[in-house]
Structure formats: C-alpha cells, structure tokens
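**Q** Model the following, please.
(one chain, ligands or ions: 1)
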Amino acid sequence: MAVVLAKSAGFCFGVDRAVEAVYRVLEEEEKKEPALRLPIYTYGPIVHNERIVEELEERGVRVLKSLKELTELAEGIVVIRAHGVGKEIYETLEQRGLKIVDSSCPFVRKIQKLVAEHTKNGESVIVMGDPEHPEVQGILGWGEGDVIALKGVEEVEALPDGNGKNVFIVAQTTFHIDKFKVVLETFKKKGYHTSVINTICNATFERQSEARELAGKSDAMVVIGGSSSSNTKKLYEICKAICPNTQLIQTVKDLKFNSDEAIRNVGITAGASTPKEIIEEVLTYVRNEF
Ligand code: F3S
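**A** Sure, this is the predicted structure:
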C-alpha cells in the first residue's frame with residue numbers, strides 16, 4: 001500500500017505562531033520566582049486540539065470562555081489566539097490592566113481592518129462565513145456600521161434584490177474557495193454591485209487544492225483534525241466528494257479500515273490545528289499496519 005502525506009497537512013503559520021506564543025510566555029513565567037509569576041490565560045482554546053489545551057492546562061494556562069470571565073480578572077497575561085477577537089475585548093483587556101499577547105493571525109487582522117475601514121466609510125459590508133465562528137464574531141466586532149455575516153449561498157439567495165446596491169464583500173479565512181465564487185455570482189445575479197477582496201487564506205487554499213488532488217489519486221483518504229475545527233470539516237467535505245472512502249479522525253484511535261476493501265493508495269491530510277505528533281502517529285500506523 002502506498003501512503004502519501006499531504007505537504008500542507010497540519011498547523012498553518014497562524015496557529016503555529018499562536019501556540020508558540022503561549023509556550024514562550026509560559027516558559028518566561030516559569031523562570032520567575034513562583035510568587036512573581038503572573039497567571040496566564042488564552043481567550044478561547046489556543047488551538048482546536050484537546051491534547052495541547054489539556055497539556056497547557058496542566059501547566060496552569062486557563063482558557064477564558066467569555067467576556068464576563070475576562071472582566072473578573074484582577075491580573076495576568078491574556079494570549080489572543082489566531083482567530084482574533086473583536087475591538088471590545090482589546091478595550092476590556094486595556095481597562096483591566098491585563099497584559100496582552102496578541103497572536104491574532106495577520107491575515108485575520110487584515111480582514112478586521114478592512115471591515116473597520118469600509119463600515120466607517122458608510123459602506124454595506126458582507127462577511128462570508130459562519131456567524132457562530134469565533135473568527136467571524138471577532139471580525140464583526142470591528143464593524144462600525146452596516147456589517148453582516150452570511151454563512152453561504154442560501155443566505156445570499158434569501159437576501160432581498162439588490163437593485164444596484166453596492167456591497168463590499170470579504171470572506172472568513174477558511175471559506176471554501178469554490179463556494180465563494182458561487183456566492184459572488186449570486187450577488188451579481190441578484191442585482192448587487194460588488195466590490196470584493198478575497199481574504200481566503202492561502203494556507204487553506206493550498207491545503208484544499210492539495211487535498212483535492214490527493215483524493216483524486218487515492219482509494220482511501222484520512223483527514224485528521226479536531227471535531228470543532230471548521231477548516232478540517234471543509235477538508236473532509238472536499239475529499240469525500242472525490243474519494244467516497246474518506247474518514248475524518250481526531251487521533252489514530254479513530255482510524256478504521258475495512259479489511260475487505262482493496263486499498264492500494266491512501267492519502268493523508270490534516271486540518272490547520274492538528275499537531276505534527278498526531279499526524280506522524282497516524283502516518284506510522286497506516287504505513288506499518290496495512
Ligand atoms: Fe492564519 Fe491562514 Fe492559519 S488565516 S490562522 S494562516 S489558516
């Protein structure tokens with residue numbers, strides 16, 4: 001059996017940078033006398049990966065789940081993860097005198113700035129992405145006027161006719177590139193004048209195109225990633241559409257191959273928040289066991 005691991009599998013630049021930042025802060029604090037150490041928090045889990053979050057928790061890093069929790073802190077260091085946060089969070093951190101380690105991905109910061117600028121100019125801004133996703137909520141938190149998030153084509157279709165209305169459109173960094181193209185066509189069909197900045201991150205694009213290519217050459221595909229990682233889910237959808245024998249797993253324990261199937265080529269890829277060790281475990285297992 002031939003096993004191919006996608007080159008783009010695993011941590012993207014933004015997640016890598018954020019995870020490293022937490023470990024760096026942790027190491028700096030651990031060098032101090034215990035009495036002088038500041039408590040360390042991350043605003044939301046630093047990565048969609050239970051193993052890393054648990055390991056950090058064991059070393060004392062607490063995950064803050066809400067703005068309310070933040071407002072109860074008297075001191076500490078708060079690391080902002082790659083997804084970024086809304087303006088209100090920065091303001092609260094500053095008001096409370098908490099130390100900020102900003103690990104928002106620069107690509108997400110760019111979208112936040114675009115939304116701030118264009119809403120300030122009085123434009124109607126559309127963010128294509130899941131309104132429930134923290135990245136999108138953070139982006140919306142920079143809007144200073146008319147801004148909404150729309151999840152997909154159906155939501156665009158449900159909008160009233162544009163009648164020549166101007167809209168400025170950006171996308172969540174992990175938005176599906178093909179769906180984005182359909183979205184833009186739909187806006188035009190509905191009579192909107194669009195000005196668009198494609199803010200889909202290259203890491204996602206490369207990971208998705210490589211997965212598509214690999215799925216086309218494989219009898220079975222394995223996508224590794226956390227259950228709450230949206231980019232992993234999208235990767236799974238892309239692979240499954242091309243290679244029906246695609247499975248989504250979190251760790252090597254979830255892997256299931258039907259021994260009756262004639263599998264000659266296995267492709268492996270992983271979402272942006274999957275650590276190298278987990279990918280290597282799966283790779284070694286598939287190589288050795290099949
Ligand atoms: Fe940033 Fe792209 Fe990763 S936006 S967090 S480098 S997927």
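**Q** what does this structure have sitting close to the ligand?
**A** For the chain, the residues in contact with the ligand under the definition Cβ under 6 Å from any ligand atom are 12-15, 82, 105, 107-108, 173, 201, 203-204, 272. Where you see a C-beta, it was placed from the backbone N, CA and C, and this is true even at glycine.
**Q** most neighbours, which of those?
**A** Ranked by neighbour count (other Cβ atoms under 10 Å), these have residue 272 at the top, with 30 neighbours.
**Q** my read: that one touches residue 204, true?
**A** Yes - checked against Cβ atoms under 8 Å, the pair residue 272 and residue 204 is within contact range at 7.2 Å.
**Q** between these two, what contacts are shared?
**A** The contact sets of residue 272 and residue 204 overlap at 12, 174, 231 (Cβ atoms under 8 Å, 6 or more residues apart in numbering).
**Q** Three-state assignment for the residue nearest to the second one when sequence neighbours are not counted, please.
**A** The spatially closest residue to residue 174, leaving aside those adjacent along the chain, is residue 231, at 4.2 Å (Cβ to Cβ, 6 or more residues apart in numbering). Under the three-state scheme (DSSP: H, G, I helix; E, B strand; the rest coil), the conformation of residue 231 reads as helix.
**Q** same question, residue 149
**A** For residue 149, the secondary-structure state derived from three-state DSSP is strand.
**Q** What's the local residue count around the nearest residue to residue 159 once chain neighbours are set aside?
**A** The shortest distance from residue 159 to any residue other than its chain neighbours is 6.5 Å, reached at residue 190 (Cβ to Cβ, 6+ apart). Other residues lying near residue 190 total 15 when counted by other Cβ under 10 Å.
**Q** Does residue 190 touch residue 161 like I think?
**A** Yes - counting by Cβ under 8 Å, a contact exists between residue 190 and residue 161, whose distance comes to 5.6 Å.
**Q** Can you name the residue of the stretch 51-200 of the chain nearest to the ligand?
**A** In the stretch 51-200 of the chain, no residue comes nearer to the ligand than residue 105, which is 3.2 Å away by Cβ to the nearest ligand atom.
**Q** Surely that residue touches residue 14?
**A** Yes - A contact is recorded between residue 105 and residue 14 when judged using Cβ under 8 Å, the distance being 3.1 Å.
**Q** Mutual contacts of these two, please.
**A** Counting by Cβ under 8 Å, 6+ apart, the shared contacts of residue 105 and residue 14 are 82, 201.
**Q** Helices along the protein, start to end?
**A** Assigned by DSSP state H, the chain shows helices spanning 13-31, 50-58, 67-71, 87-95, 106-120, 134-140, 153-157, 177-189, 202-217, 230-242, 276-289.
**Q** would JSON lines of the ones you listed with mean pLDDT and distance to residue 258 be doable?
**A** Formatted as JSON lines, these follow (pLDDT from 0 to 100; distance: least, Cβ to Cβ, whole Å):
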{"stretch": "helix 13-31", "mean pLDDT": "95", "distance to residue 258": "33"}
{"stretch": "helix 50-58", "mean pLDDT": "91", "distance to residue 258": "27"}
{"stretch": "helix 67-71", "mean pLDDT": "94", "distance to residue 258": "45"}
{"stretch": "helix 87-95", "mean pLDDT": "96", "distance to residue 258": "47"}
{"stretch": "helix 106-120", "mean pLDDT": "98", "distance to residue 258": "39"}
{"stretch": "helix 134-140", "mean pLDDT": "97", "distance to residue 258": "36"}
{"stretch": "helix 153-157", "mean pLDDT": "98", "distance to residue 258": "35"}
{"stretch": "helix 177-189", "mean pLDDT": "96", "distance to residue 258": "30"}
{"stretch": "helix 202-217", "mean pLDDT": "92", "distance to residue 258": "18"}
{"stretch": "helix 230-242", "mean pLDDT": "93", "distance to residue 258": "16"}
{"stretch": "helix 276-289", "mean pLDDT": "92", "distance to residue 258": "13"}
